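S.K.: fold the following, please.
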Amino acid sequence: MYNAGNSFNIITSASVTRGVFDETALIDPTISPDQYSGANIEYVIQRPGASRSGTIMTSWSGSSISYTDFSATGVGDTSDLTFDVVMANNKIRLRAYSAGSGSGDWNLHTLFKLFPHIT
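M.R.: Numbers count the residues shown, from 1 in each chain. All right, here's what the predicted structure looks like:
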């Protein structure tokens, strides 16, 4: 992390998660709440006949986490896949949940923008 006066770099990390269906999946990366105070997570979910994109905005302090999922209207039925942000093993994680309905596995493409603590 670069700090020149009051300037900090935003850290980015991308991941692809394949085959989410009828399960709860923890999506990489694992985020240290001691180093970062928030994240914007852009995503696209896809499976045959369905697709949705959106942004999850999240922030935390200690073990308290707040998040909002803003998404475009999906193509096809995307209601089977939902997200939340949780504390797991003292790390912040994006969690995807598929109830197991619909026409097959989900593929998730994510881009995390992590905001370091400003001290």
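S.K.: contacts only, for the residue nearest to the spatial centre of the chain.
M.R.: The centroid of the chain falls nearest to L94 when counting by CA atoms, centre = their mean (4.3 Å). Contact partners of L94, counting by CB atoms under 8 Å, 6 or more residues apart in numbering, are 26-27, 41, 56, 83-85, 110, 112. Any C-beta I mention is one placed from the backbone N, CA and C, and that applies to glycine too.
S.K.: distance of it from V75?
M.R.: According to CB to CB, to the nearest Å, L94 stands 22 Å off from V75.
S.K.: do D105 as well
M.R.: 17 Å.
S.K.: which other residues reach stretch 49-68?
M.R.: Contacts of stretch 49-68 (CB under 8 Å, 6+ apart): 33, 37-45, 69-78, 81, 83-87, 92, 94, 102-103.
S.K.: could you list the low-pLDDT ranges of the chain?
M.R.: Within the chain, the ranges that satisfy pLDDT under 70 run 1-8, 119.
S.K.: returning to what we had before: got the contacts of L94 as JSON lines, with secondary structure columns?
M.R.: Formatted as JSON lines, the contacts of L94 follow (DSSP: H, G, I helix; E, B strand; the rest coil):
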{"residue": "L26", "secondary structure": "strand"}
{"residue": "I27", "secondary structure": "strand"}
{"residue": "I41", "secondary structure": "strand"}
{"residue": "I56", "secondary structure": "strand"}
{"residue": "F83", "secondary structure": "strand"}
{"residue": "D84", "secondary structure": "strand"}
{"residue": "V85", "secondary structure": "strand"}
{"residue": "T110", "secondary structure": "strand"}
{"residue": "F112", "secondary structure": "strand"}
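S.K.: if anything else comes up later, I'll come back, but that's it for now.
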